[in-house]
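[1] Let me see the structure of the following:
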Amino acid sequence: MNITLTLFGQLIVFTILILFVKRYLWEPVLDNMEARKARIADGLAASEKGAADAVAAEEEAAKLISRAKSEAAEIVSQGKTRETQIVEEAKQKASAEAEQIKVAADAELLQEINRAKDGLRTQVSELAIAGAEKILGKEIDASTHKDVLDDLVSKI
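    This next block holds a predicted model:
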């Protein structure tokens, strides 16, 4: 055989082999590699987005915690203010009630004093009548001399 023909046959077989490998092996492998590269890039992008979302969520959580703390402090402050108001109202109410009790006690004491004075006036008038009876030697009728006795009692 001729070496040129053999060389030429090998060249044709090698070309067919290269076309076969390129079409059925090389391109699918390259396509799979490109698809895998795209999936990896998507995964990395999702990972970066997730990390950014986590940072944003942490910042939002910190803001919420800060806002909750300030609201809690405000509520505590309002509670203390209300507590002070309630204590002051209770003090004022107790003071007013004590004043009412004092006024009632003073009024009751005044009534007792007036009753005692009236009782003493009655006793003094009876003693005066008894003394006048002894001095005059006769009985004095209280109903007859009522005006004189009332005048005497009012002067006492």
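[2] And the helices in the protein?
    Using DSSP state H, the helices of the chain run over 3-20, 27-136, 146-155.
[3] Flag the shaky bits of the chain, pLDDT-wise.
    1, 133-156 (pLDDT under 70).
[4] returning to that earlier point: now the helices of the chain as a markdown table including mean neighbour count?
    Backbone N, C-alpha and C define where each C-beta goes, glycine included. A markdown table is the format used below for those (neighbours: other Cβ atoms under 10 Å):
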| stretch | mean neighbour count |
| --- | --- |
| helix 3-20 | 10 |
| helix 27-136 | 10 |
| helix 146-155 | 12 |
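[5] Now do the contacts for Glu27.
    Glu27 is in contact with no residue at all, counting by Cβ atoms under 8 Å, 6 or more residues apart in numbering.
[6] how much space between it and Leu19?
    Taking Cβ to Cβ, to the nearest Å as the measure, Glu27 and Leu19 are separated by 11 Å.
[7] got it, and Glu60?
    Per Cβ to Cβ, Glu60 is found 59 Å from Leu19.
[8] ok, now Leu110?
    Distance, Leu110 to Leu19, by Cβ to Cβ: 132 Å.
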